[in-house]
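1. Fold the following.
(chains A and B)
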Amino acid sequence: MHNLTIKQMSEKLHAGEITSVQLTQHYLDRISKYDAELNAYVTVTPELAMAMAEEADRQLSEGTAGLLTGIPVAHKDIFCTDGVKTSCSSKMLDNFIAPYDAHVVTQLKKAGMPILGKTNMDEFAMGSSSESSYYGPTKNPWDHQAVPGGSSGGAAAVIAAGLAPMATGTDTGGSIRQPASFCGITGIKPTYGTVSRFGIVAYASSFDQAGPMTRSAEDAAWLLDAMAGFDQRDSTSLHREKTDYAAGLNNSLKGLKVGVPAEYFGEGLDPQVEKIVKDAIAEVEKLGAEIVEVSLPNKDLAVPAYYVLAPAEASSNLSRFDGVRFGHRCENPKDLQDLYNRSRSEGFGAEVKRRIMVGAYALSAGFYDAYYVKAQKLRRLVRDDFTRAFEQCDVIMGPVAPTPAFNIGEKTDDPTSMYLADLYTIPVNLAGLPGMSVPAGFVNDRPVGLHIVGPYFSETKLLNIAHQYQQVTDWHTRMPAQYQ
Amino acid sequence: MSWEVVIGLEIHAQLTTQTKIFSGSSIAYGAEPNTQACAIDLGMPGMLPVLNEAVIGKSIRLALALNAEIGKKSVFERKNYFYPDLPKGYQTSQLEYPIVGKGHLEIEVDGEKKKIGVTRAHLEEDAGKSVHGIVPGMSGIDLNRAGTPLLEIVSEPDMRSAKEAVAYARKMHELVQYLGICDGNMQEGSFRVDSNVSVRRPGEPLGTRTELKNINSFRFIEKAIEFEIERQIEILESGGKIVQETRLYDADNDVTRSMRTKEEANDYRYFPCPDLLPVMITDEDIEAVRAQMPELPDAKRARYVSEFGLNDYDAGVLTASRQLAEYYEAVVSQTQGKDPKLCANWVMTDLSGALNKAGLSISDSPITAEQLAGMIERILDDTISGKIAKQVFDAMWKGEGTADEIIESKGLKQITDSSAIEALVDEVLANNPSQVEAYKGGQEKMLGYFVGQVMKASGGQANPGQVNQILKAKLSD
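-> This next block holds a predicted model:
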């Protein structure tokens, strides 16, 4: 059952060939069997899942079901879920049960999707390997020595291993696309403002954006349809007409102009990754696209700008975790200062503390102009690069990450090298553009993704290109041998 | 050599909205702790602010009243600091781009007018409060107030005495109420005044200032500033230095005490709030607010003088509060503007006196403007005299009905029937033959005596003009 596409699942559910209870139980069984080793879930919610599956079956039998009704989903543990722990993979929130649902969770509940559980991630979404989780690292299903990427590493792993048919993720600096690349799945980060941030534990508010993580582009289009839409509870949510993301999947790619920036194929890029990406672009060319050379000259400014701005926002966003109202509180605080110091020292992990310190520093009196203001200027330069590039092309293609998944522990002692590995994904977040990772091959049995970036609101186009590519390739259908 | 006093005020005016500035919680005063705090107010993970747009129009109103610049683009920023009553660990405020820019307010002290500069006014959310004594041995946090919309109005350091400072504070207090943007309730903290006070030798740069916080009456603000000025001068004259600090006023002992020094102050790490878009104000927005602006106190005062013929003093008293002015104007309009001065006298003397005595405000007056106008109408149409009217007023105050009902039930209608008055006059003259002799002998001031006697005989109800006329005629026979 876990090899079906979402479209096939939906058809079988509506035809009565399978029930949501069977489908959900199938995934719960697989989770029981495999997750102890994989550590992709922080919380599994079998009772909730089965209750929702029964309700879905009722709707299916009554004919009131929608396209996604009865298809289970796993939420990244950054989405608040009413009555279920939302930890953000942090000790700080290990005891936190939100009394509300994130907008995305509400939307997918309305769509009738049983919740399998909450997936592991880098603590507070800060990281690129899911190793900073309080609950320990998630393994890459393709190779248990390797990281699944991050921060949505648990979500990518559950899709790759068939422990959920669909998953939600968030992408602040590449956190959907890089794990999608590392785990050989499809992930799309929509235009900033497409999916409401209400109920998503904030990391860096001006970058955070939720999106679907699935096997195929078609699956992603279906899930994005349910996730996206205006929400008045998020002031940065965009008020636009509802888009049918699956509508353009079968459009021809004839005449599509694909921009290939020379800067994305420079020093530091693994030659084997480069080859896979170039082969994938050649495949798209065969489908009728025209390749044009474009330039993103300020690409190298993106990582430094991001690592000032995101920590600055994070330092403020994470101030609410003070041990007063919710979350971790130290034992026997002797006074207020002690309560703050110990609750936060004990509750946050090293990477989170590092970013809070960096962010507070960048905002502090006397340094604000040199860091925060300067970084905002760089952000504009990076965005302007894309604006100019999109005058010459419809989409940009390149690598998602410079290498395939690295080994667990390989970069934990060197945060800077970990940061620099996000050089292709971060510019897209700085500009607020939609970006996608599509499975495109393997290096030493570890997956590699193709990065597709489009202008604002071009999600339908990106999904169309990915879907057409997936009609002529089978990378996205492959599963690690032990999980088949 | 003398000292020059320099004072600037920061006024926090709580805006009269139904709900909080960034959430749908009520801001009604006096609810049980934490019953008006939703997940957003509590700073729960994933919660986001959504601006209550009502605060924008109210801010524009103030800007127009102060002839101030309006921030066409104003930006919310986060002021970061840790405190238990600050749920998010930051206060959402405005720094670089406030909604109201430079303006001014004119005050008058001892007959002298002076323009006080307003530096800016910015929107921000209030914090919650720590509550002591509910949980034994611990502090409680009440977040009902967290997120209440405030407009912080910052003045230039233009005031040179405690009197000027209080005049400015009072004028601002009157203005925000006129504008309908703040209820002005100082006891409940809806209008809070922080005073920055320093002294210097004239011509020298500004001295080190101290800030006086949390004083909830104008009288105490004046006393606190007076005390602070003396304290600073004493320190400087004995060779000491002023420490920049926040001080609290202790009304019982009439002194100020140090609360915290600026050395312990935070670096607030302000930056634009990424959860809120900049507020964009168009010319059309401004014009829409302008069209609905109420008449402001200064304009009203001038109109009372020119249109109603009141003197400056009376016009000032009647416009001191919007409620009083509205009451007065209702009385004038319901008497068709026949005698605005008479209306003013009744509102300012009898009504205000009675209200003061009873400790009531104009909005709690037991006599409505309509009732008072009804009584004044009866004076104007000679149904009752001014003297009888006082009886009617007292009866209305006690809730005995309208003027007409009281006049009817108590039989207070003025006697205007000349034959009835003639009969009374004849009786008085007949009973006082020696006085009549005296009058006819040239003692014309005896007329007053006869008038008094006739009025007395009529129980005060005879029309005094007619009595006079008839007496004169009869006595000259």
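
2. can you pull the contacts of residue B:308?
-> B:315, B:332, B:337, B:340-341, B:344 (Cβ atoms under 8 Å, 6 or more residues apart in numbering or on different chains). Placement of C-beta: from N, CA and C, glycine included.

3. Now stretch B:230-241 - C-alpha only, PDB.
-> Below are the C-alpha coordinates for stretch B:230-241, written out as PDB (Å, rounded to 0.1, in the frame of the first residue of the first chain):
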ATOM      1  CA  GLU B 230      14.200  71.100  45.200                       C
ATOM      2  CA  ARG B 231      16.000  67.800  45.700                       C
ATOM      3  CA  GLN B 232      18.100  68.300  42.600                       C
ATOM      4  CA  ILE B 233      19.000  71.900  43.300                       C
ATOM      5  CA  GLU B 234      20.000  71.000  46.900                       C
ATOM      6  CA  ILE B 235      22.300  68.200  45.600                       C
ATOM      7  CA  LEU B 236      23.900  70.400  43.000                       C
ATOM      8  CA  GLU B 237      24.400  73.400  45.300                       C
ATOM      9  CA  SER B 238      26.100  71.200  47.800                       C
ATOM     10  CA  GLY B 239      28.500  70.000  45.100                       C
ATOM     11  CA  GLY B 240      26.800  66.700  44.400                       C
ATOM     12  CA  LYS B 241      25.800  65.000  41.100                       C
END
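
4. Tell me the buried residues in that stretch?
-> Judged by neighbour count (16 or more other Cβ atoms under 10 Å in any protein chain shown), stretch B:230-241 contains these buried residues: B:231-232, B:236.

5. Wait, residue A:399 touches residue A:274, no?
-> Yes. With contact defined as Cβ atoms under 8 Å, residue A:399 and residue A:274 form a contacting pair (7.1 Å).

6. Who has more neighbours out of the two?
-> Neighbour totals were compared for residue A:399 and residue A:274, and residue A:399 leads with 26 against 17 (other Cβ atoms under 10 Å in any protein chain shown).

7. Name whatever forms a beta bridge with that one.
-> Taking DSSP bridges, one obtains residue A:450 as the residues bridged to residue A:399.

8. pLDDT at it, what is it?
-> If you check residue A:399, the pLDDT there is 98.

9. Buried ones among the contacts of residue B:308?
-> B:315, B:332, B:340, B:344.

10. count of residues packed around the closest residue to chain B within the stretch 51-200 of chain A?
-> Closest residue of the stretch 51-200 of chain A to chain B, Cβ to the nearest Cβ: residue A:199 (4.1 Å). By other Cβ under 10 Å, the residues close to residue A:199 number 29.

11. Please give me every residue in contact with the residue nearest to it when sequence neighbours are not counted.
-> In space, and not counting its chain neighbours, residue A:199 is closest to residue A:102: 2.7 Å by Cβ to Cβ, 6 or more residues apart in numbering or on different chains. Residues near residue A:102 by Cβ under 8 Å, 6+ apart: A:79-81, A:196, A:198-200, B:46.

12. Just the C-alphas of the helix or strand hosting residue A:55, formatted as CSV.
-> For residue A:55, the element it lies in under DSSP states H and E is helix A:46-62. Listed next in CSV are the C-alpha coordinates belonging to helix A:46-62 (Å, rounded to 0.1, in the frame of the first residue of the first chain):
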residue,chain,number,x,y,z
PRO,A,46,-2.1,5.7,17.0
GLU,A,47,-5.3,6.4,18.8
LEU,A,48,-5.8,9.8,17.3
ALA,A,49,-4.8,8.4,13.9
MET,A,50,-7.3,5.5,14.1
ALA,A,51,-10.1,7.7,15.4
MET,A,52,-9.6,10.1,12.5
ALA,A,53,-9.4,7.1,10.1
GLU,A,54,-12.7,5.8,11.2
GLU,A,55,-14.2,9.3,10.8
ALA,A,56,-12.7,9.4,7.3
ASP,A,57,-14.2,6.0,6.4
ARG,A,58,-17.6,7.3,7.5
GLN,A,59,-17.2,10.3,5.2
LEU,A,60,-16.0,8.1,2.4
SER,A,61,-19.0,5.8,2.8
GLU,A,62,-21.4,8.7,3.0
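
13. List the buried residues of that helix.
-> Buried-residue list, helix A:46-62, by 16+ other Cβ under 10 Å: A:46, A:48-50, A:52-57, A:59-60.

14. And stretch B:373-390, by the same measure?
-> Buried positions in stretch B:373-390, judged by neighbour count with 16+ other Cβ under 10 Å: B:373-379, B:383-385, B:388-389.

15. and what of stretch A:445-456?
-> Using 16+ other Cβ under 10 Å as the test for burial, stretch A:445-456 gives A:446-456.

16. so which of those residues comes closest to chain B?
-> For the buried residues of stretch A:445-456, the nearest to chain B is residue A:456 (16.2 Å; Cβ to the nearest Cβ).

17. so who does that closest one touch?
-> Applying Cβ under 8 Å, 6+ apart, we find residue A:456 in contact with A:191, A:432-434.

18. same question, residue A:254
-> Shown in contact with residue A:254 (Cβ under 8 Å, 6+ apart): A:287-289.

19. Drop anything exposed from those residues.
-> Among the contacts of residue A:254, those buried by neighbour count (16+ other Cβ under 10 Å) are residue A:289.

20. Distance to residue B:3 for the contacts of residue A:254 - can I get that in CSV?
-> Formatted as CSV, the contacts of residue A:254 follow (distance: Cβ to Cβ, whole Å):
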residue, distance to residue B:3
A:287, 85
A:288, 85
A:289, 80
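
21. ok, and which of the contacts of residue A:254 reach chain B?
-> Counting by Cβ under 8 Å from any Cβ of the partner chain, nothing from the contacts of residue A:254 sits close to chain B.

22. Figure out the helix or strand that residue B:227 lives in.
-> Residue B:227 belongs to helix B:218-237, assigned by DSSP H and E.

23. Need the residues that contact that helix.
-> Helix B:218-237 is contacted from outside by B:3, B:5, B:7, B:162-163, B:165-166, B:169-170, B:173, B:193, B:195, B:197-199, B:207, B:210, B:212, B:215, B:241-242, B:247, B:249, B:251, B:254-256, using Cβ under 8 Å, 6+ apart.

24. so how far is that helix from its chain's centroid?
-> 25 Å (Cα atoms, centre = their mean, to the nearest Å).

25. just checking, next helix/strand downstream of that helix?
-> Counting by DSSP H and E, the next helix or strand C-terminal to helix B:218-237 is strand B:245-250.

26. Next, the angle helix B:218-237 makes with that following strand.
-> 130 degrees (axes from the mean of the first three to the mean of the last three Cα atoms, to 10 degrees).

27. so does the helix or strand just after strand B:245-250 get close to chain A?
-> Note on strand B:245-250: by DSSP H and E, the next helix or strand toward the C-terminus is strand B:255-261. No. Legend: contact between strand B:255-261 and chain A by Cβ under 8 Å from any Cβ is lacking; minimum distance shown is 14.1 Å.

28. Strand B:255-261 packs against which elements?
-> Counting contacts by 3 or more Cβ pairs under 8 Å, 6 or more residues apart in numbering or on different chains; DSSP states H and E, strand B:255-261 is packed against strand B:210-215, helix B:218-237, strand B:245-250.
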